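Visitor: predicted coordinates and the sequence they were generated for:
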Amino acid sequence: MAIITVRIDLAKNIFAVHGIHAAGKPELIRLSVGRAKLLD
């Protein structure tokens, strides 16, 4: 299934990214990304 919703938990330096597919179940959980990489 494709991810239809992406949520980003904001913090000062590290962000946690969550993806939710059409059935409402988590598809991608807690991918930690630094600020510089998120802006790319």
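Guide: Looks like it arrived, so ask away. Residues are numbered from 1 along each chain as shown.
Visitor: beta partners of the residue nearest the centre of the chain?
Guide: With the centre of the chain defined as its mean C-alpha position, the nearest residue by Cα atoms, centre = their mean is residue 17, 1.8 Å away. Residue 17 has these beta-bridge partners by DSSP bridges: residue 8, residue 31.
Visitor: all helices of this protein, in order?
Guide: Assignment of helices within the chain using DSSP state H yields the ranges 35-39.
Visitor: where in the protein is pLDDT low?
Guide: Across the chain, residues meeting the criterion (pLDDT under 70) sit at 1, 28-31, 38.
Visitor: any idea how far residue 35 is from residue 13?
Guide: When Cβ to Cβ, to the nearest Å is the yardstick, residue 13 and residue 35 sit 6 Å from each other. Backbone N, C-alpha and C define where each C-beta goes, glycine included.
Visitor: oops, could you answer that again for residue 6 instead?
Guide: To residue 35, residue 6 is 17 Å away according to Cβ to Cβ.
Visitor: just residue 17 next, same as before
Guide: Relative to residue 35, and taking Cβ to Cβ, residue 17 is found at 13 Å.
Visitor: what's the answer for residue 23, then?
Guide: According to Cβ to Cβ, residue 23 and residue 35 sit 31 Å apart.
Visitor: so which of the two has more stuff around it?
Guide: When residue 23 and residue 35 are compared on other Cβ atoms under 10 Å, the one with more neighbours turns out to be residue 35, at 12 against 8.
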